[in-house]
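Trainee: okay, here's the prediction I keep looking at, along with the sequence it came from:
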Amino acid sequence: MRDAITVHEDRPDELTRRGLLAAGAGIGAVALLPAEALARVPREAKRRHRRRHRHHRRPARRPATAPSPAPSSPALGHGGAPTDNVTLARLAREHGAGEPLMFADLAAVDSNSLVITSFARANRWAVRPALKAFQSPRFCAYVLGLLPEPRGLIFHLRQVDQVLTAAPPGTDLLTGYPPTRGELRAFLGRRAPSGQPPHRLRILVSSVDLLQEFADLARTTPRPLPLEVGLEFDSGEGRGGFHKPADISAALALLRSARDRLRLTAVLCYDGHATLNGDQHYRQGVATQARSFYAGYLQQLEAEGADLFDAATLVRNGPASSNYRNWAGSTECNEISPGSAFSYPGYLDSFDHDGLASALAQCAPVLKVIGPYPAVPVTKIPVAPANGQEEYFLKGSSWPDGGGTEPAFIYPNGVNDDQLEGGRAAVYAPAGSLGPEDYVLCRPNQAGDGIDYFGAVTVVRSGQVLTTWPTFSRWSAPAGSSL
């Protein structure tokens, strides 16, 4: 198995232990984000953010050409131009069988991958995509195959085995969320599936208590030792993770006492609160503060725990789709985790998206053609739509993300909600633009949330349907439970 964190000789600024200390001293002098700037974030945006998952969280030589296809799927081709909406609507009619479906355009994904990896390479970072943006083992595997090194940020331990069934050999996974206690017990209590390909798995912990649980479970786990550990650091967002120096000291002491079964190989500091506001000055301030905190954490790690990790190969995971460009020049992180940027869903319109192409389209079939003169419910008063429109009733299209934002209509031109009928499923569109066999296309606001409504992703390139990829299995009752 190749070592996915080997230092490449074309990375002269890879931090050494001395460099960790220097980064802490240099960044510590940067002013922190003023409290009044945070206070300006709308309260409603904060509520949406609490419901929103991270999108969010290697370098190697990369030719300035179109990305290669996933090694395991040569028939999928590579490159090309994204398929236009008119063609997608035709493909939906031909392949949808009158049911809703989700398209993923690989030409757009390839193009976006090149944008992301080129920016990362210029900053001497690796790319570890947030795999929850793809919600399908084969979609994850395809994106991993586009990278110089197959690294991924995975958010649920139950999905590890699903991803590895399709992922390239040697895939390096880091969990983007710390697991629940039950999740950790279940995972460490069973053996890995027989014949699982070579890989790495680094499990994130966010507190001393969870780390203690991890150390205790490692005594009896049937999985090979040592188990790899990542420490989550708080970036200033306040969503959890190590922040107090005393807690970091306690974690290092615990790791030292369990060094026969736990190994520190990764840290993570993600500025998720950058998604609260697309304003560039706000996001730059968030990045500055997060980098300052990160440098301080790295300095303490080196001062107190240099015997516990290899500074030259320690994974230092950082920002994601909404803010990675504002970390340009950072040596605190050595990898970034954009996920949504690979498919460019709607929410990224408010953030950095230069060069990105939309890769996802949700398709809702026409259920009824209501006609040009719908009526107000109850009163039955006729309503004449403006500009020669008529009303249609759809099967689907109401697919809100975790924050409650519904997808945007993107085809046909001029389609919009009929608010008198409650919107979404009832829409207006130009008269004659849709028939009973047609589809309305939507662009999801969040990538993973948009895919998660569907049992499969229909894969297209250059106007052709290539295959379908099943999505992740959903949560179900634990084995053995009953009424």
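Mentor: Alright, I've got the coordinates. All values derive from a computational prediction rather than experimental measurement. Numbering: from 1, shown residues only.

Trainee: quick one: pLDDT of Ala295?
Mentor: With respect to pLDDT, Ala295 scores 98.

Trainee: ok, it to Cys333 distance?
Mentor: Between Ala295 and Cys333 the distance is 10 Å, computed by Cβ to Cβ, to the nearest Å. C-beta here means a position set from N, CA and C on the backbone, and glycine is covered the same way.

Trainee: cool, Lys395 as well?
Mentor: In terms of Cβ to Cβ, Lys395 sits 44 Å off from Cys333.

Trainee: same question, Ser111
Mentor: For Ser111, the distance to Cys333 (Cβ to Cβ) stands at 24 Å.

Trainee: neighbour-wise, which of these two wins?
Mentor: The neighbour comparison of Ser111 against Cys333 (other Cβ atoms under 10 Å) goes to Cys333, with 27 against 23.

Trainee: surely the more buried one and Val315 touch.
Mentor: No: Cys333 is beyond contact range of Val315, at 9.3 Å (criterion: Cβ atoms under 8 Å).

Trainee: ok, and the closest non-adjacent residue to Arg239?
Mentor: Using Cβ to Cβ, 6 or more residues apart in numbering and skipping the chain neighbours, the partner closest in space to Arg239 is Gly272 (6.3 Å).

Trainee: point out where this protein drops to low pLDDT.
Mentor: For the chain, the stretches with pLDDT under 70 are 1-74, 373-377, 382-386, 422, 477-483.

Trainee: helices of that one, residue ranges please.
Mentor: Using DSSP state H, the helices of the chain run over 17-27, 35-39, 43-51, 85-95, 106-122, 137-146, 160-164, 181-188, 208-217, 245-257, 280-305, 447-451.

Trainee: I'd like the C-alpha coordinates of the last one written as PDB, please.
Mentor: Read that as helix 447-451. What follows is helix 447-451, C-alpha atoms only, in PDB (Å, rounded to 0.1, in the frame of the first residue of the first chain):
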ATOM      1  CA  ALA A 447     -25.000  18.800  -3.200                       C
ATOM      2  CA  GLY A 448     -25.300  15.900  -0.700                       C
ATOM      3  CA  ASP A 449     -28.700  16.900   0.500                       C
ATOM      4  CA  GLY A 450     -30.000  17.000  -3.100                       C
ATOM      5  CA  ILE A 451     -28.600  13.600  -4.000                       C
END
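
Trainee: gap between it and the chain center?
Mentor: Relative to its chain's centre, helix 447-451 lies at 10 Å (Cα atoms, centre = their mean, to the nearest Å).

Trainee: list the buried residues for it?
Mentor: The neighbour-count check on helix 447-451 (16 or more other Cβ atoms under 10 Å) flags 447-451 as buried.

Trainee: same check on the fourth one?
Mentor: Of the residues in helix 85-95, those buried by neighbour count under the rule 16+ other Cβ under 10 Å are 85, 88-89, 91-93.

Trainee: for that helix, packing partners?
Mentor: Packing contacts for helix 85-95, counted by 3 or more Cβ pairs under 8 Å, 6 or more residues apart in numbering; DSSP states H and E, involve strand 101-105, strand 360-371, strand 408-411, strand 439-443, strand 456-461, strand 464-470.

Trainee: can you lay out the ones you listed as a markdown table showing mean neighbour count and distance to Thr165?
Mentor: Below are the helices and strands packed on helix 85-95 laid out as a markdown table (neighbours: other Cβ atoms under 10 Å; distance: least, Cβ to Cβ, whole Å):
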| stretch | mean neighbour count | distance to Thr165 |
| --- | --- | --- |
| strand 101-105 | 24 | 19 |
| strand 360-371 | 21 | 23 |
| strand 408-411 | 19 | 33 |
| strand 439-443 | 25 | 30 |
| strand 456-461 | 21 | 16 |
| strand 464-470 | 16 | 11 |
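
Trainee: may I see these arranged in TSV, with distance to Ser476 as well?
Mentor: Below are those laid out as TSV (distance: least, Cβ to Cβ, whole Å):
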stretch	distance to Ser476
strand 101-105	22
strand 360-371	24
strand 408-411	32
strand 439-443	28
strand 456-461	18
strand 464-470	15
